[in-house]
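>>> pasting the structure only:
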């Protein structure tokens, strides 16, 4: 009797052992050494020995700008009867070539500092971008009379141009606070979403000097000064994708969209200058227009980057430095609001321009992590 009970007990124990064996196997896998959760989803290249988590960047800019409002005048201006068949009375074709300022390439800079949390690798950074540029043009039109497209003087006989000068200056300052994190989406590629707070200060000055046909043999001209300043702040969001081959060399691209709300301050001032006697210098000035418009409005901005970088750790992986070269462009929509009187000033035919400003060029520099 006792022997049969022992046999049954052994059989029960054996069946329990068999049923628990798969659970033991699974638990052994679960208890095996696994990388921390943050390292499972964050690139290993972010890890440094004795890491404080700080990053310093310094970059140079070699940029230019593009915008469509920098028109100086219309050359070869004239009227010619049409070849319409049958001809229509009082019907004319206007002929002319638009001349404009072509912005130069100039230098700027970007500096920044960041912090990366040592466990889960969330990144908090701030950077400041400054790009100031300007250019000027001078056209001698003695043989090619032209028209002024920005606002005629207050005399209807003085609308033909024989000489004009134009100058344009831009100040672009941009402050960015960014928060993001990189995630592996493959063995060689990371995906980094980010968002942040931005502030922008964009100031533009546009000046034109016109020399018209003489009035009763007296030299006559005018000077037009336009200004458009914007200051505001808002939110931004975007993504960065980085592809690396494991040797420190990588290719990356970035896209970001921003929404800003701020203050526009636009102004126009025009003076006429003329000689007080035939043959005298231009020594008298008369203010004929002075307008100012200050208002609040929102704009959108778009940023894109495509570049290459190289990173290398030193001193037993205690520090890291990197180099980068990037083609970058920034487009600010409806940032240009210049006053435009398209006819004689006394007619009051006025419109506010709403055009975009684009900044683009090469961004190059380096970073240091410690």
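Received it, and whenever you're ready, just let me know what you need. Keep in mind it's a predicted model, so treat the numbers as computed, not measured.
>>> per the record, what domains does the protein have?
1-34, 43-369 (automatic domain parsing).
>>> pLDDT below threshold where in this structure?
Within the chain, the stretches with pLDDT under 70 are 1-51, 76-95, 119, 141-145, 152-159, 214-218, 275-284, 317, 342-349.
>>> all helices of it, in order?
Remark: helices assigned in the chain by DSSP state H are 2-31, 37-41.
>>> residue 104: how many residues sit nearby?
Number of residues near residue 104 (other CB atoms under 10 Å) recorded here: 12. Where you see a C-beta, it was placed from the backbone N, CA and C, and this is true even at glycine.
>>> who is the residue nearest to it when sequence neighbours are not counted paired with across the strands?
Spatial nearest neighbour of residue 104, chain neighbours left out: residue 135 (4.7 Å); criterion: CB to CB, 6 or more residues apart in numbering. Residue 135 forms beta bridges with residue 168, as assigned by DSSP bridges.
>>> for residue 135, list the residues it contacts.
By CB atoms under 8 Å, 6 or more residues apart in numbering, residue 135 lies in contact with 101, 102, 103, 104, 167, 168.
>>> how near is residue 301 to residue 185?
Taking CB to CB, to the nearest Å as the measure, residue 301 falls 27 Å from residue 185.
>>> and those two? Which one has more around it.
residue 301 (21 against 11).
>>> which secondary structure elements does the strand ranked longest in the chain contact?
Ordering each strand of the chain by length in residues (DSSP state E) puts strand 284-314 first. Judged by 3 or more CB pairs under 8 Å, 6 or more residues apart in numbering; DSSP states H and E, the packing partners of strand 284-314 are strand 218-244, strand 249-274, strand 319-336, strand 339-341.
>>> spatially central residue for this protein, please.
residue 330 (2.4 Å; CA atoms, centre = their mean).
>>> could you measure from that residue over to residue 254?
On the measure of CB to CB, residue 330 and residue 254 end up 11 Å apart.
>>> over to residue 231?
From residue 231 across to residue 254, the span is 25 Å (CB to CB).
>>> mind checking how far the residue nearest to residue 104 is from residue 331?
Distance, residue 135 to residue 331, using CB to CB: 20 Å.
>>> that older thread, highest average neighbour count across the domains of the chain?
Of those, the one with the most neighbours on average (mean count of other CB atoms under 10 Å) is domain 43-369, at a mean of 16.
>>> how distant is that one from the center of its chain?
Put simply, domain 43-369 sits 8 Å off its chain's centre (CA atoms, centre = their mean, to the nearest Å).
>>> tell me what residue 273 is bridged to.
Going by DSSP bridges, residue 273 is paired in beta bridges with residue 221, residue 285.
>>> next one: residue 207
Note on residue 207: beta-bridge partners by DSSP bridges are residue 167, residue 225.
>>> that one against residue 222, yeah?
No. Using CB atoms under 8 Å, residue 207 makes no contact with residue 222, being 11.5 Å away.
>>> contact partners for residue 361?
Neighbouring residues of residue 361 by CB under 8 Å, 6+ apart: 61, 62, 63, 64, 105, 327, 328, 329.
>>> which residues touch the nearest residue to it once chain neighbours are set aside?
Of all residues not flanking residue 361 in the chain, residue 63 sits nearest, at 3.4 Å (CB to CB, 6+ apart). Shown in contact with residue 63 (CB under 8 Å, 6+ apart): 105, 106, 108, 131, 133, 328, 359, 360, 361, 362.
>>> please redo it, this time with the cut-off set to 7 Å
Counting by CB atoms under 7 Å, 6 or more residues apart in numbering, residue 63 makes contact with 105, 106, 108, 131, 359, 360, 361.
>>> ok, so of the residues you listed, who is nearest residue 69?
Proximity of these to residue 69 (CB to CB) peaks at residue 359, which lies at 15.0 Å.
>>> what about that closest one, distance to residue 103?
Here residue 359 is placed at a distance of 10 Å from residue 103 (CB to CB).
>>> need the overlap of contacts for those two.
Common neighbours of residue 359 and residue 103 (criterion: CB under 7 Å, 6+ apart): residue 65.
>>> wait, doesn't residue 189 sit right on residue 243?
Yes. Between residue 189 and residue 243 there is a contact under CB atoms under 7 Å: 5.1 Å.
>>> list the contacts for the nearest residue to residue 245 once chain neighbours are set aside?
Leaving aside its chain neighbours, residue 245 sits nearest to residue 188 (6.6 Å; criterion: CB to CB, 6+ apart). With contacts defined as CB under 7 Å, 6+ apart, the neighbours of residue 188 are 243, 244, 245.
>>> rerun at 8 Å
By CB under 8 Å, 6+ apart, the contact set of residue 188 is 243, 244, 245, 246.
>>> isn't the first one right next to residue 187, touching?
No. Residue 243 is beyond contact range of residue 187, at 10.6 Å (criterion: CB under 8 Å).
>>> mind checking how far residue 292 is from residue 335?
18 Å.
>>> cool, and residue 69?
According to CB to CB, residue 69 and residue 335 sit 11 Å apart.
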